[in-house]
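1. I'll drop the sequence and a predicted model, then ask my questions.
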Amino acid sequence: MSLFGRRSEASVEEELRLHLDRMIEENEWRGMTADAARADALRRFGDMQEIREACVNEDELAGRRRNRLERVLSWGQDLKYGLRVLRRSPVYAIVIVITLAFGIGANAIVFSALSPYFVRALPFESPDRLVHLFTVNTAAGFDRDRFSLPQLDDLRERARGFEALGGYVYGARALSGDVGAEQVTVGRLTSNAFDVLGARAALGRTFIAGESGPGGSAVVVLGWGLWQRLYAGSEAVIGGTIRLDGQPHTVIGVMPAEFNFPFGGVKLWTPMVEEGTETARDVRNVLVFGRLADSWTADAARADLDGVWRDLAVAHPDVDGRLDGINVLGMREALNFAYDILRVAFTALIGAVLFVLLVACANIVGLGLARAVARRREVAVRAALGAPRFRLIRQFLLESAVLAVAGGGLGLLLAHLFMRVAGPVFPEDLYAIGEFGVDGTVALLTAGVTVLAALLIGVMPALTVTGGRPGDALREAGRGGHAAIRSSRTRSLLVVGELALGLTLVVGAGLMTRSLSRVIDVPLGFEPDSLLTLELTAPQSTYPDAGAWSAYWNRVTEAVQSVPGVTDAASTSVLPLNHETPQIGFDVPGRPADGELPIAEWFAVSPGYFETMRIEILAGRDFDRGDAADGERVAVINRTFADRHFAGGSAVGLMLRLSSGDSLRSYRVVGVVDDVRHSEITAAPPPQVYVSIEQSNRRRRFVVARTAAGASAVAAGVRDAVATVDADVPTNWLRPMSDIMTESVGPFAAMSMVLAVFGTFALLLAAIGLYGLIAWSVSQRQKEFGVRLALGAEPGRLVRTVMRDGIRLAAIGITVGLIMAMIGGRVLGSLLFGVSATDPVAVGTAIVVFIGSALLATAIPAARASRADPVSALRAE
Amino acid sequence: MSPREIGLIQGTLDYLVLRTLSGGAMHGFQIARWIQQATDDVLRIEEGTLYPALHRLDRKGLIVGEWGISDRGRRAKFYTLTPSGERVLKRQARDWGRFVSAVDKVVKASET
């Protein structure tokens, strides 16, 4: 039986005995003998045992109820007490809340940035049942290649793992209508694509069967953003007409705001009505996706596709047989072409923000321990008054929880404001769901981090302070003693940890900064400064054939060239580093006849392009007016091409063949130019081949203009000059080449900046932590130092003693940090460029910075040791 | 006649105890005697029922028992009404009045 039960029983016993005694008295007073009086009372009382049990039972029930109530009330009391304690030291509370707000806010910002890429549900029905299909071409190094329409038809017929398969392509179109001309990216979809996605129109309808394919309809579904922008959300747009490349299209629907396919840059959708050669089996330009059939997994569907593909390879050896099968990917991963790199980046970022939070918490624990030692007396008094240990611990945890919740709330607010005001703008062609910002998932993750922070900052001081016997604490009373020594050991450990975490971040920041500078220093093969670029598409309606386009382009180039401040101008099919790199199979004399054709990057450029871009001509000549449509087909190759395939002699004058549909066409090599970093700034260029743009039909081109006055200074003049040629052709993407460069360099710049901010914050906190610890230990030892000085100790020696303690901590912290940085560098791995994870400059700089900070953080309080006054130190007793 | 036998046992006993305590603090023996005297010995409270009832009312928070010293200088547990006990008493007084008059009507009706 419980203690409480025994106490209750005794109480009931006494109560009943009183009653019994009074009855006996009454009976005696009526004249009964003592024995008879007692017997009568007992008889009337009944079963004493039963009554007692009934009463005790009630008491126990009451006791339990009271305990529950007290438990609830005591939480409130402790909370009130905690708030009072914090109010008494507002500076301490504010410092902690702000530190936590930054630590937790950094986490919330990273969560907010990753949520659109990795967390939010795709805006389709049951998106986890959707998969993307790709052909694999191992020889060319592609595992995300496209299908041709006949291949898609075969898959639809034979593959069993899918409820339905849809296809799409996308490309630029000139949009014109009542609302002016502009260039838009249009998604061209098979008529079932919306149904496969399970996406319904917000207004009007999507495509119906038969609207795509031969004899399809000229209809269009608008994206929400475009509809809002051009038609101010008017419902009257349904049934209206817009022109795409001059062709009228009837608007049949508007998609909801959250719909996004295949990426944010695509603003409207038309049915895929085959154009020109699109129905040929070897024109593989269709992207294919599908919805898995019930009870089929992606793996099962892939296995089934393998069999289907083997049959197709036998049936079509020259097309399907040259490919290496089909790759099946989840929709989220497939639509986001930067999925891999984003995953690495966010892994590194989450690691970094967690480190920042850990450092912040370690710092707070350091502060809290110093304060907790001071609070030992208060705690001891409460313990002596009967507060059980768990309640004292709970008291500390509640205080931490209050601080953490305040810090977490403030952090979430900071993240929200940051995302609203200074939020990063990510390229539209990265598949993201919705805007960056705080959403439910972000709030939930942040709450989790807040709980973690509350535990981190609360548990250790609570255990440290409430441990040991209260009597000791009362005797020691503020003088330090065991608890102080133990807490100083804990604090030393914390400072070591902070230094190690901070160093890891700073090394990471250093590695990213070094990568950034390496990227910037990469020889591009062309000169990006003072270069202006713009994109134009000659509309089919005005310029029906190659001759007309050609004339148009010549006039545009001349007009741009005549703008004051422009020194050279030329045109090209694609711009370097602009996320577009066409490739082509080629053949050179002496290559073994069997096997897949080697692949080269492939550009069509006008005369003067190399000069304008400052691409060095190493041998031979530039294209000229003679390389026209009716002239001999000519090509210019890059240095890598020449070295790899024409080794041991000049390539100029030799022949090569480029694939064109089923056949190969011969080109005479007229020149060799330097390598250009075209597809990726971080990868060495593969073989590249340039053909004359006059010999390659190009309705859409980029104009490049070398300027003397700076790219942005002449932008308006260039736009006007282009408009004088044909005002109805929209000028698209008028921007300096340096903007395009920024996109390539962006990820390095962003990562190095973010890590630098986090690293600095961690360094600062670690230095403060070290300073705080040394200052505190000096203040604890004032008396000792005073006595030693009085006994003739050299002040310099005392300073050195204290410094030695600090430097030893710093050395341990830095050593541990170096080991962690080696591991951290591996996480960054694929994000690094041109530096190893152990780059001596990055690591060395971080070490120097940390040693310097540690010396400073130690020297200031150490100097105080030499000024200890023995008299006042003793008097303070 | 014992309260157990009139079929209103618990409710009635609780009501009587609360009514009794509305006059001030009393210990168990005093409560039993007071009820007996006030009803001219018609109702005699059985001890075996009284004490569990007191502890039950205590648990419900209607009365509260506290140890004190009796008029004869002996430790005794005195019960007093709590505010919520007073509220319950008021409500029961009303209900009891209605109950009695209803029963009275039935009884009178069957007499005529």
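-> Now that the structure is in, tell me what you want to look at.
2. A:R826: what secondary structure?
-> With DSSP: H, G, I helix; E, B strand; the rest coil as the basis, the three-state label of A:R826 is helix.
3. and the nearest residue to it once chain neighbours are set aside, what is it in contact with?
-> Nearest residue to A:R826 in three dimensions, chain neighbours excluded: A:A837, at 5.8 Å (Cβ to Cβ, 6 or more residues apart in numbering or on different chains). To be clear about C-beta, it is placed using only N, CA and C from the backbone, and glycine gets the same treatment. Counting by Cβ atoms under 8 Å, 6 or more residues apart in numbering or on different chains, A:A837 touches A:511, A:822, A:824-826, A:828-829.
4. How about the contacts made by residue 74?
-> If you meant another chain, say so; for now it's chain A. The contact partners of A:S74, by Cβ under 8 Å, 6+ apart, come to A:R391.
5. wrong one, chain B
-> By Cβ under 8 Å, 6+ apart, B:R74 lies in contact with A:L18.
6. Quick one: list the elements packing against the helix or strand where A:V691 lies.
-> Assessed by DSSP states H and E, A:V691 sits inside strand A:688-692. Secondary-structure packing of strand A:688-692 (3 or more Cβ pairs under 8 Å, 6 or more residues apart in numbering or on different chains; DSSP states H and E): strand A:599-605, strand A:634-638, helix A:639-645, strand A:655-660, strand A:663-673.
7. hmm, back to that, okay if I get the contacts of A:A837 as CSV plus distance to A:P592 and pLDDT?
-> As requested, the contacts of A:A837 are exported to CSV (distance: Cβ to Cβ, whole Å; pLDDT from 0 to 100):
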residue, distance to A:P592, pLDDT
A:L511, 43, 89
A:M822, 45, 88
A:G824, 46, 84
A:G825, 42, 84
A:R826, 40, 83
A:L828, 41, 82
A:G829, 37, 78
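8. Rebuild those as JSON lines, extending it with neighbour count.
-> Shown next, in JSON lines, are the contacts of A:A837 (neighbours: other Cβ atoms under 10 Å in any protein chain shown):
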{"residue": "A:L511", "neighbour count": "29"}
{"residue": "A:M822", "neighbour count": "14"}
{"residue": "A:G824", "neighbour count": "24"}
{"residue": "A:G825", "neighbour count": "21"}
{"residue": "A:R826", "neighbour count": "10"}
{"residue": "A:L828", "neighbour count": "24"}
{"residue": "A:G829", "neighbour count": "12"}
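9. Kindly indicate which of those residues lies nearest A:L18.
-> A:G824 (77.3 Å; Cβ to Cβ).
10. is it true that the closest one touches A:G351?
-> Yes - the criterion here is Cβ atoms under 8 Å, and A:G824 meets it with A:G351 at 6.9 Å.
11. winner for burial among the helices and strands packed on strand A:688-692?
-> Ranked by mean neighbour count, the helices and strands packed on strand A:688-692 are led by strand A:634-638 with a mean of 27 (mean count of other Cβ atoms under 10 Å in any protein chain shown).
12. now chain B, which segments are flagged as low pLDDT?
-> Scanning chain B for pLDDT under 70 picks out B:1-11, B:110-112.
13. can you map out the helices along it?
-> Secondary structure of chain B (DSSP state H): helices at B:9-21, B:28-38, B:47-59, B:83-111.
14. Same check on the stretch 451-600 of chain A?
-> Secondary structure of the stretch 451-600 of chain A by DSSP state H, counting those that start in this stretch: the helices cover A:470-476, A:482-521, A:546-561.
15. wait, which of these is closest to chain B?
-> Closest approach to chain B among the helices of the stretch 451-600 of chain A (Cβ to the nearest Cβ): helix A:470-476, 31.1 Å.
16. got the residues of chain B near chain A?
-> Applying Cβ under 8 Å from any Cβ of the partner chain, one finds that chain B approaches chain A through B:27-29, B:32, B:46-48, B:51-52, B:54-56, B:58-59, B:67, B:70, B:74-77.
17. could you flag which of the residues you listed are buried?
-> Applying 16 or more other Cβ atoms under 10 Å in any protein chain shown to these, the neighbour count classes B:27-29, B:32, B:46-48, B:51-52, B:54-56, B:58-59, B:70, B:76-77 as buried.
18. And the pLDDT at A:A628?
-> We have a pLDDT of 86 for A:A628.
19. Repeat that for the one 4 residues further on.
-> A:E632 carries a pLDDT value of 91.
20. which residues does the nearest residue to it once chain neighbours are set aside contact?
-> Spatially, and ignoring its direct neighbours in sequence, A:E632 is nearest to A:R668 (5.9 Å; Cβ to Cβ, 6+ apart). A:R668 sits next to A:632-635, A:653-655 when contact means Cβ under 8 Å, 6+ apart.
21. Tell me what A:R668 is bridged to.
-> Note on A:R668: beta-bridge partners by DSSP bridges are A:V634, A:M655.
22. next SSE after the strand holding A:V691?
-> Next in sequence after strand A:688-692, counting helices and strands by DSSP H and E, comes strand A:700-707.
23. Quick one: work out the angle between that next one and helix A:546-561.
-> Angle of strand A:700-707 versus helix A:546-561, following axes from the mean of the first three to the mean of the last three Cα atoms, to 10 degrees, is 20 degrees.
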